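[1] no FASTA, just this:
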DNA sequence: GTAAGCGTCCCTCTAAGTGGGGCGAATGAA
DNA sequence: TTCATTCGCCCCACTTAGAGGGACGCTTAC
């Protein structure tokens, strides 16, 4: 338990100056075409070096030459598609989940939508003695859990109604339905879900959707705990932490906020 | 024996061994997760080097660690999305078009679909004195040109019918419609279009669709010339050349053939 | 006209990067 | 269990990869 252990991969790898500089160039070009001379200035390298690295990247298809300097290259299209197919979002999310659990002490979940169900895919248990029993692999009606609701935020209201009716066993009073939809509207506007279990088990959860490169909700993140722990006075801080973490995971899987 | 100069960007850039080796690693990982030791063996570098480079790529998000070794990393999702937005397919296609024109002597076009129209976007003039007048920027009813037909190959037959009717001014005999759809079916099965202009100007064209990373037809490639040049005895060779070039461009913009 | 900016090339020198070697931890066979 | 193999990871001495100064030709702006 060394306190100075780096939990991330932030540990600078020695002996890769050339590679790192080349990747720095990629990071500049991602914002739009840029000239070799500007690259040299921005990154603090000689223009010879910037030129050589950019040419090398171009020769491999990572960059292309446009009228405005170097731009992203076709190889990235190929890599992007393959990455979409191969990358496991849950694996990407795990380190973020661990940090969130470490920071808050709560149990953190991720899950995805499976038709009318929400499937819990991974969990990082927190430091509390009282634990929510939901385990990876568990499936619950999607309209019934905080995680599930977060996965539904982009759906039209009719879908909310259908799934709520379904989760409730078919018959719902007009009043209950109206309340449910109104609540969902609030969740959608806020961008996160605050959910008190209707099963009377005193479980409360906070959930936020994670968006992928297409800005679609692909998975959702949540913390769940006994309402006894998850008290009103700390909810605001937790919401902020969860929304922030969900945003970070989104960025890690390619989400870019509108307008850049 | 360097008989000819390299006309492509194949010119080895000197002074980038580290970068090139790192990109070699990316090329291995693209086929699926691979262990550091296997990378060293496959690429003929010491395991130290393979390990260091892979770690460096991981620290930048280009690779991630899975149970089966190194896999593609989340950074590629981000780069892939940005590349999709920024890359101009026509620019990617140009060098291939130039080579095709050089090899065949014919005039080569690319174009994309704009609703019910096909827009010619770029052209490489061939060596022939008689030139098809179509210029970049020209717009034609999509069902009426070889290029346009190639862009429609993935559409359902009802769309073919609608657009053919539209291009013909609204009224078409049942016989003509049937022939048109039958022809389109043949084109679709073959994967390319052989088109004789119905305007009586003696223009013949061969066109093939180019598919992007999502396997959707994004642009199309064609050669067009006077039927006097584009004779039956050379059509087969030209078709092969065009289909091959269209495939190469597709790969350059991220298309991967099904099944890998 | 001049000047400033660009991309490209060559050459020298040094420190970046290579690879040999070693260590501990898994994994699997005996 | 023990032993053998192979993995990831680390250290360090040698050398060559690559950084950067400088020059040249070209284009654009003034």
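    Received, thanks. Since the model is a prediction, treat every value here as computed from it, not as a measurement. Residues are numbered from 1 along each chain as shown, chains lettered A, B, ... in the order given.
[2] every contact and neighbour count from this point should use C-alpha atoms.
    Will do.
[3] can you give me every residue that contacts the residue nearest to residue A:86 when sequence neighbours are not counted?
    Spatial nearest neighbour of residue A:86, chain neighbours left out: residue B:72 (7.1 Å); criterion: Cα to Cα, 6 or more residues apart in numbering or on different chains. Counting by Cα atoms under 8 Å, 6 or more residues apart in numbering or on different chains, residue B:72 touches A:82-83, A:86-87, B:26, B:29-30, B:32-33, B:62-64.
[4] run the last query once more with 10 Å
    Residues in contact with residue B:72 (Cα atoms under 10 Å, 6 or more residues apart in numbering or on different chains) are A:79-80, A:82-88, B:26, B:28-34, B:57-58, B:61-66.
[5] do residue A:174 as well
    residue A:180.
[6] now it: how far from residue B:100?
    Separation of residue A:174 from residue B:100 (Cα to Cα, to the nearest Å) stands at 67 Å.
[7] ditto for residue A:83
    31 Å.
[8] repeat that for residue A:71.
    Taking Cα to Cα as the measure, residue A:71 falls 25 Å from residue B:100.
[9] buried set for the helix or strand residue A:163 falls within?
    Using DSSP states H and E, residue A:163 falls within helix A:157-167. Using 16 or more other Cα atoms under 10 Å in any protein chain shown as the test for burial, helix A:157-167 gives A:160-161, A:163-167.
[10] list of residues touching it?
    Residues from elsewhere that reach helix A:157-167 (Cα under 10 Å, 6+ apart): A:116-117, A:140-144, A:149, A:152-154, A:168-173, A:176-178, A:180-182, A:184-185.
[11] let's see which of these end up in helices.
    Among those, the ones falling in helices (DSSP state H) are A:149, A:176-178, A:180-182, A:184-185.
[12] narrow the residues you listed to those that are buried.
    Buried by 16+ other Cα under 10 Å: A:149, A:177, A:180-181, A:184, out of these.
[13] tell me the one among these nearest to DNA strand C.
    If you rank those by distance to DNA strand C using Cα to the nearest atom of the strand, residue A:149 comes first, at 37.2 Å.
[14] quick one, what contacts the closest residue to that closest one other than its chain neighbours?
    Nearest residue to residue A:149, sequence neighbours excluded (Cα to Cα, 6+ apart): residue A:143, at 5.6 Å. Contacts of residue A:143 were listed using Cα under 10 Å, 6+ apart, and they are A:116-118, A:149-152, A:159-168, A:180.
[15] work out for me the element the residue sitting furthest away from the middle of chain A sits within.
    Distance from the C-alpha centroid of chain A, by Cα atoms, centre = their mean, peaks at residue A:48 (39.0 Å). Assigned by DSSP H and E, residue A:48 belongs to helix A:47-59.
[16] that helix: how far from the chain's middle?
    34 Å (Cα atoms, centre = their mean, to the nearest Å).
[17] give the rounded mean pLDDT of whichever helix or strand comes after it.
    Of the helices and strands lying after helix A:47-59 in sequence (DSSP H and E), the nearest is strand A:63-66. The average pLDDT for strand A:63-66 rounds to 90.
[18] stretch A:104-114 now?
    So the average pLDDT for stretch A:104-114 ends up being 94.
[19] show me which positions of that stretch end up buried.
    Buried residues in stretch A:104-114, defined by neighbour count with 16+ other Cα under 10 Å: A:104, A:106-113.
[20] related to what we said a few turns ago, nearest to chain B among the buried residues of helix A:157-167?
    residue A:160 (30.0 Å; Cα to the nearest Cα).
[21] and that closest one, how close does it get to residue A:117?
    Noted for residue A:160: a distance of 13 Å to residue A:117, by Cα to Cα.
[22] joint contacts of these two?
    Residues touching both residue A:160 and residue A:117 (Cα under 10 Å, 6+ apart) are A:142-143.
[23] gap between residue A:250 and DNA strand C?
    To DNA strand C, residue A:250 is 30 Å away according to Cα to the nearest atom of the strand, to the nearest Å.
[24] show me where the stretch 101-250 of chain A has strands.
    Ranges of strands in the stretch 101-250 of chain A, per DSSP state E, counting those that start in this stretch, are A:107-114, A:117-124, A:139-141, A:193-196, A:203-211, A:217-226.
[25] which one of those strands lies closest to chain B?
    Here strand A:203-211 is closest among the strands of the stretch 101-250 of chain A (Cα to the nearest Cα), at 12.3 Å.
[26] count the residues that sit near residue A:65.
    Residues lying near residue A:65 (other Cα atoms under 10 Å in any protein chain shown) number 18.
[27] cool, and residue A:204?
    Residue A:204 - counted by other Cα under 10 Å - has 22 other residues nearby.
[28] who's in contact with the nearest residue to it once chain neighbours are set aside?
    The shortest distance from residue A:204 to any non-neighbouring residue, by Cα to Cα, 6+ apart, is to residue A:196 (4.5 Å). By Cα under 10 Å, 6+ apart, the contact set of residue A:196 is A:144-146, A:202-206, A:224, A:226-227.
[29] let's see 8 Å
    Shown in contact with residue A:196 (Cα under 8 Å, 6+ apart): A:146, A:202-205.
[30] one more: residue A:22?
    Each residue near residue A:22 by Cα under 8 Å, 6+ apart is listed here: A:53-54, A:57, B:19.
[31] returning to what we had before: for residue A:83 and residue B:100, indicate the residue with more neighbours.
    Using other Cα under 10 Å as the criterion, residue A:83 and residue B:100 rank with residue A:83 on top: 26 against 23.
[32] which residue packs closest to that one, ignoring adjacent ones?
    Nearest non-adjacent residue to residue A:83, counting by Cα to Cα, 6+ apart: residue B:72, 5.7 Å away.
[33] touching DNA strand D at all, stretch A:32-49?
    Yes. Judged by Cα under 7 Å from any atom of the strand, stretch A:32-49 and DNA strand D are in contact via A:45-46, A:48-49.
[34] how about those residues in CSV, adding pLDDT?
    Below are those laid out as CSV (pLDDT from 0 to 100):
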residue, pLDDT
A:45, 91
A:46, 91
A:48, 91
A:49, 93
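[35] go back to these and keep what's next to DNA strand C.
    Among these, proximity to DNA strand C is found for residue A:48 (Cα under 7 Å from any atom of the strand).
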